[in-house]
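Engineer: All I have is the shape, not the residue letters:
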């Protein structure tokens, strides 16, 4: 009898929750809460049936409870971000047509193909956006499947498709954040291991080779780990933020102290006037203004679209681009900071930071103040691979925003369930199965 009362109550509550994806986790949490309350009443001496009935009665009117849950749990769709990504991708095709001197058959093939992939990438963005990003936080098989796909993409590449490892390295921080979310409450040793993993996982990017992709991916993971330490994700000492950076110092020092090419590039970057016939030629002209000879020889590179616009319209393009990038970063980081769960914040940062860091690196390089080559100007640069990866990252970010009301740092647990049985509730076209198990 009491079990039927509980079933009727949960069904009445669920009927008020309009977001179908929210019904199952909300009713499970509500059922667990009622079960825990009934267990307390049983400990006070009430019989099982009476304890459960009293726990249900104290929850209040089911329709009011359902409406309250419905108001608090709505999908937060950030349409402005999706629209901005689409408009940037369309604008990028026209900027590419202006900047890159491609004539003859190459132009006929290049730009229509890029324009064709804009709606495909936007469809991919929407598919990820309306998916359930919480699977990465709740299901090991989702993390394992993602890891397997990433490893396959990296190690199946050959000489003609090695950039795949570069693209995939930008997605590694999302997997890293999902694994990090499962380490809540661990100690200092785990923090050190995570700091080391931040620079070990993106090593496949050096197969391309691309120090830019390696550093960007590693920096994203390190910043995500730092955010976790700052949010109190780990237990024990208070110096976890410092511990997270210790492996980085050793890894980067060991890596770049042995890289003669990097040291040579740094020398040309710091003193470009001493190497005008070599690497310094690019830095010198980007810093001191472009001339016609430089434009004819170099400016067709897909890495210099902002430099081309500055050459055509004036150097005010750079401060404008910097202001827009900073504004977008502040607005998006503010929105990430308002997420309810800390695990949601970590997952959102792992998707957002690669986009922001790519934009910052591109801008600095086109101004002549970055020793590292850029990867892409998100959604604006030429290249199908980067367009798809950036769309995936934006889709993950939008999915986290959308699912914010359902994200939990810790799954609701119970100390005792009074019903060693199961409960089946009809929900829409399917059913909700709630199983009760006694705990020792």
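Structural biologist: Looks like it arrived, so ask away. Since the model is a prediction, treat every value here as computed from it, not as a measurement. Numbering: from 1, shown residues only.
Engineer: Please verify my assumption that residue 183 contacts residue 197.
Structural biologist: No: applying C-beta atoms under 8 Å, one finds residue 183 not in contact with residue 197, separated by 10.7 Å. In this view, the C-beta of every residue, glycine as well, is placed from N, C-alpha and C.
Engineer: So which of these two has more stuff around it?
Structural biologist: Between residue 183 and residue 197, counting by other C-beta atoms under 10 Å, residue 197 is the more crowded of the two (18 against 15).
Engineer: so what's that one up against?
Structural biologist: 176, 221 (C-beta atoms under 8 Å, 6 or more residues apart in numbering).
Engineer: Quick check: the gap between the nearest residue to residue 12 once chain neighbours are set aside and residue 6.
Structural biologist: Among residues not flanking residue 12 along the chain, residue 62 sits closest, at 3.6 Å (C-beta to C-beta, 6 or more residues apart in numbering). With distances taken as C-beta to C-beta, to the nearest Å, residue 62 is found 11 Å from residue 6.
Engineer: Between those two, tell me which one has more neighbours.
Structural biologist: Higher neighbour count among residue 62 and residue 6: residue 6, with 24 against 19, using other C-beta under 10 Å.
Engineer: which residue sits closest to that one, ignoring its sequence neighbours?
Structural biologist: residue 56 (5.7 Å).
Engineer: secondary structure element for the one you found?
Structural biologist: Under the criterion of DSSP states H and E, residue 56 resides in helix 48-58.
Engineer: try residue 37
Structural biologist: helix 20-43.
Engineer: From the chain's centroid, how far away is that helix?
Structural biologist: Distance of helix 20-43 from its chain centroid, counting by C-alpha atoms, centre = their mean, to the nearest Å, is 31 Å.
Engineer: how much does it deviate in direction from helix 48-58?
Structural biologist: 130 degrees (axes from the mean of the first three to the mean of the last three C-alpha atoms, to 10 degrees).
Engineer: mind listing what's buried in helix 20-43?
Structural biologist: Using 16 or more other C-beta atoms under 10 Å as the test for burial, helix 20-43 gives 21-27, 30-32, 34-39, 41-42.
Engineer: pLDDT of it, averaged?
Structural biologist: Here helix 20-43 scores 80 as its mean pLDDT.
Engineer: Check which helices and strands it sits against.
Structural biologist: helix 2-14, helix 48-58, helix 62-72, strand 422-427, strand 430-435 (3 or more C-beta pairs under 8 Å, 6 or more residues apart in numbering; DSSP states H and E).
Engineer: what does the helix or strand hosting residue 82 rub up against?
Structural biologist: Using DSSP H and E, residue 82 falls within helix 79-99. For helix 79-99, the external contacting residues (C-beta under 8 Å, 6+ apart) are 111, 114-115, 118, 121-122, 125-126, 129, 299-300, 302, 304-305, 308-309, 312, 332, 377-382, 387, 390-391, 394, 397-398, 401.
Engineer: Low-confidence ranges, the stretch 151-300 of the chain, go.
Structural biologist: For the stretch 151-300 of the chain, the stretches with pLDDT under 70 are 151-165, 236-238, 254-262, 276, 278, 290-300.
Engineer: next structured bit after the helix holding residue 82?
Structural biologist: Next element after helix 79-99 (DSSP H and E): helix 105-129.
Engineer: Does residue 244 touch residue 229 like I think?
Structural biologist: Yes: counting by C-beta under 8 Å, residue 244 touches residue 229, with 5.3 Å between them.
Engineer: neighbour count winner among these two?
Structural biologist: Ranked by neighbour count (other C-beta under 10 Å), residue 244 and residue 229 place residue 244 first, with 26 against 21.
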